[in-house]
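Engineer: need a structure here:
(2 chains)
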Amino acid sequence: MRILRAALIIAMLSITPLASLFAEEAANQTAIIQVDGLSCPFCAYGLEKNLKKVSGVKTVKIDMKTGKATVALKPNTQVDDQTLRQAVKKAGFTARDITRQ
Amino acid sequence: MILAWLMVLATGLLIFAGIATAGPITFNSALPVSEGVGILRSQVKLVSKTGDATALNRNLTVTAIPLVLAYGVSSKLALFGMLPYVNKRMDITMGTMRIRRRAQGLGDGKLFARYTAYQVDHPGDTLRIAPFMGLKAPTGRHDKRDAFGRLPRPLQSGSGSWDPFAGIAITRQTLDWEFDTAVSYRVNTNASDFEFGDEARLDASFQYRVLPRSLDTEGVPAFVYAVLESNLVWNGKDRLAGATDFNSGGTTWNLVPGLQYVTGRYVLETAVQIPMVQRLNGTSLEIDWVWTAGFRWNF
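Structural biologist: Next comes the predicted model:
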């Protein structure tokens, strides 16, 4: 019985961190924005700066070749597509498709 | 007055140095200045004029360092301010003597606004049309004297006049190349009985990405562009106390090969303006070359 109880405690202790990790991953979100009109590195800075200004945005990564801005959101925050589109527009570009991961 | 024509083109170059964003080196583009983003730009510009056919044997050297600040008020509207430091030096033969006259200090500043009136975006591709208008302000001195008396007006660091200008810039930019063109006109007004001739410009620029040769790396790689620009500049004749100076004004056409290194935060660039055609009035000096080197910084 003692052995069974110990095994149960060990199992619970080992599962709990994993569970919280999965919970955090579920709370984290990534938005991938297809940005039209982005064709020069110097202009990419304005896009990055405007997206980073959005409340709830953790990091922004831009890929020139594909024209995609990958926006990582802070845990447990909601940023709607319209807000992201507005940030892209402020930078002088056009947001086409936004996909979530 | 005999020197009046000498600085007209150089002055034009100083007050219309290319502004902000990546793009052309010698004139303005229609590329965006993002809302809330500032761009600081500066250049060093050296102008050399020699080959005087008269006994004066004039040699002129101009060094100009324009400092430009651009700010995106909105995604469509950008404001620009420019203030140059200039050093103008002219060597002249007077009798048996060779004398040097010079002026240095702040040149005339410029304020203007640009509005993106038309924009079509595709993946890695944009077309923009942006009219602009502004005012050249007399921040430079126009009453400087030396041991030989008051410096001729074109040798002064400023014009003394408030001069409005307007134009339109068109840019097509892709990941591989960029084409820009701009047309502009500046009305030069009278100040202290002197009026520089008006200026009209037709500019074009083609930039081709030579490095990286293919965009294999992710992220925002640095680009190296080979640049070829063309400046067609017409200057009207100056007027002194209502009389036309027939040794001023004319038309020049420059070809401008250059290089640009463009990253997300800064641009380094250099170019040489080579005069291909110079149809100048009277005994005007011709330009030998204009060398430009500069940087732009996003903040």
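
Engineer: hey, let's count contacts and neighbours off CA atoms from now on
Structural biologist: Fine.

Engineer: mind listing the helices for chain A?
Structural biologist: For chain A, the helices defined by DSSP state H cover A:2-27, A:41-53, A:81-90.

Engineer: ranking those helices by mean pLDDT, which is last?
Structural biologist: When the helices of chain A are ranked by mean pLDDT, helix A:2-27 comes last with a mean of 52.

Engineer: Up against chain A, what does chain B have?
Structural biologist: B:21-22, B:32-37, B:74-76, B:120-126, B:173-175, B:215-216, B:218-223, B:262-267, B:298 (CA under 8 Å from any CA of the partner chain).

Engineer: mind listing which of the residues you listed are in strands?
Structural biologist: Among the residues of chain B next to chain A, the members falling in strands (DSSP state E) are B:Val120, B:Asp121, B:His122, B:Asp125, B:Thr126, B:Gln173, B:Thr174, B:Phe223, B:Val262, B:Tyr266, B:Val267, B:Asn298.

Engineer: Export those residues as TSV, with columns for neighbour count and distance to B:Leu111.
Structural biologist: Output for these, formatted as TSV (neighbours: other CA atoms under 10 Å in any protein chain shown; distance: CA to CA, whole Å):
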residue	neighbour count	distance to B:Leu111
B:Val120	14	27
B:Asp121	21	28
B:His122	17	32
B:Asp125	20	29
B:Thr126	22	26
B:Gln173	25	26
B:Thr174	20	29
B:Phe223	24	30
B:Val262	23	26
B:Tyr266	21	23
B:Val267	24	22
B:Asn298	21	19
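
Engineer: Now tabulate these in TSV and tack on pLDDT.
Structural biologist: Shown next, in TSV, are these (pLDDT from 0 to 100):
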residue	pLDDT
B:Val120	98
B:Asp121	97
B:His122	97
B:Asp125	97
B:Thr126	97
B:Gln173	97
B:Thr174	96
B:Phe223	96
B:Val262	96
B:Tyr266	96
B:Val267	97
B:Asn298	92
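
Engineer: in stretch B:268-283, what's buried?
Structural biologist: B:Leu268, B:Glu269, B:Thr270, B:Ala271, B:Val272, B:Gln273, B:Ile274, B:Pro275, B:Gln278, B:Leu280, B:Asn281, B:Thr283 (16 or more other CA atoms under 10 Å in any protein chain shown).

Engineer: Specify which member of those residues is nearest to chain A.
Structural biologist: Chain A lies nearest to B:Leu268 out of the buried residues of stretch B:268-283, by CA to the nearest CA, at 11.1 Å.

Engineer: Please name the nearest non-neighbouring residue to the closest one.
Structural biologist: Among residues not flanking B:Leu268 along the chain, B:Phe295 sits closest, at 4.5 Å (CA to CA, 6 or more residues apart in numbering or on different chains).

Engineer: is it true that B:Ala22 touches A:Ala44?
Structural biologist: No: here B:Ala22 does not reach A:Ala44: they are 10.8 Å apart, not a contact under CA atoms under 8 Å.

Engineer: The two - which one has more neighbours?
Structural biologist: Between B:Ala22 and A:Ala44, B:Ala22 has the larger neighbour count (other CA atoms under 10 Å in any protein chain shown), namely 29 against 23.

Engineer: excluding its backbone neighbours, what's nearest that one?
Structural biologist: Distances taken as CA to CA, 6+ apart put A:Phe42 closest to B:Ala22, at 6.2 Å, once the chain neighbours are dropped.

Engineer: Any idea how far apart the tips of stretch B:210-223 sit?
Structural biologist: The first residue of stretch B:210-223 is 8 Å away from its last residue (CA to CA, to the nearest Å).

Engineer: now the helix or strand harbouring B:Asp180: how far from the chain's centre is it?
Structural biologist: Per DSSP states H and E, B:Asp180 falls inside strand B:177-186. Its chain's C-alpha centre and that of strand B:177-186 lie 12 Å apart, by CA atoms, centre = their mean, to the nearest Å.

Engineer: What strands line up against that strand, and which way round?
Structural biologist: Applying DSSP bridges to the sheet, strand B:177-186 is found paired with strand B:163-174 (antiparallel), strand B:199-211 (antiparallel).

Engineer: Any chance you could list what contacts stretch B:77-88?
Structural biologist: By CA atoms under 8 Å, 6 or more residues apart in numbering or on different chains, the residues outside stretch B:77-88 that reach it are B:14-15, B:19, B:33, B:60-73, B:102-116, B:155-157.

Engineer: Show me what the mean pLDDT comes to for it.
Structural biologist: Here the average pLDDT along stretch B:77-88 is 97.

Engineer: Export that stretch to PDB, keeping only CA atoms.
Structural biologist: Extracted as PDB, the C-alpha positions of stretch B:77-88 are listed here (Å, rounded to 0.1, in the frame of the first residue of the first chain):
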ATOM      1  CA  LEU B  77       1.500  61.600 -44.500                       C
ATOM      2  CA  ALA B  78       5.100  62.200 -43.800                       C
ATOM      3  CA  LEU B  79       6.900  65.400 -42.800                       C
ATOM      4  CA  PHE B  80      10.500  66.200 -43.700                       C
ATOM      5  CA  GLY B  81      12.900  68.800 -42.400                       C
ATOM      6  CA  MET B  82      16.300  69.500 -43.800                       C
ATOM      7  CA  LEU B  83      19.100  71.800 -42.600                       C
ATOM      8  CA  PRO B  84      22.500  71.800 -44.400                       C
ATOM      9  CA  TYR B  85      25.900  72.900 -43.300                       C
ATOM     10  CA  VAL B  86      27.800  74.300 -46.300                       C
ATOM     11  CA  ASN B  87      31.300  75.300 -47.000                       C
ATOM     12  CA  LYS B  88      31.800  77.100 -50.400                       C
END
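
Engineer: Distance from that stretch to the middle of the chain?
Structural biologist: In terms of CA atoms, centre = their mean, the centre of stretch B:77-88 is set 10 Å apart from its chain centre.

Engineer: Buried residues in that stretch, which are they?
Structural biologist: Buried residues in stretch B:77-88 (16+ other CA under 10 Å): B:Leu77, B:Ala78, B:Leu79, B:Phe80, B:Gly81, B:Met82, B:Leu83, B:Pro84, B:Tyr85, B:Val86, B:Asn87, B:Lys88.

Engineer: Columns secondary structure on top of the residues you listed, output as CSV?
Structural biologist: Output for the buried residues of stretch B:77-88, formatted as CSV (DSSP: H, G, I helix; E, B strand; the rest coil):
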residue, secondary structure
B:Leu77, strand
B:Ala78, strand
B:Leu79, strand
B:Phe80, strand
B:Gly81, strand
B:Met82, strand
B:Leu83, strand
B:Pro84, strand
B:Tyr85, strand
B:Val86, strand
B:Asn87, strand
B:Lys88, strand
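
Engineer: Alright, I will stop here.
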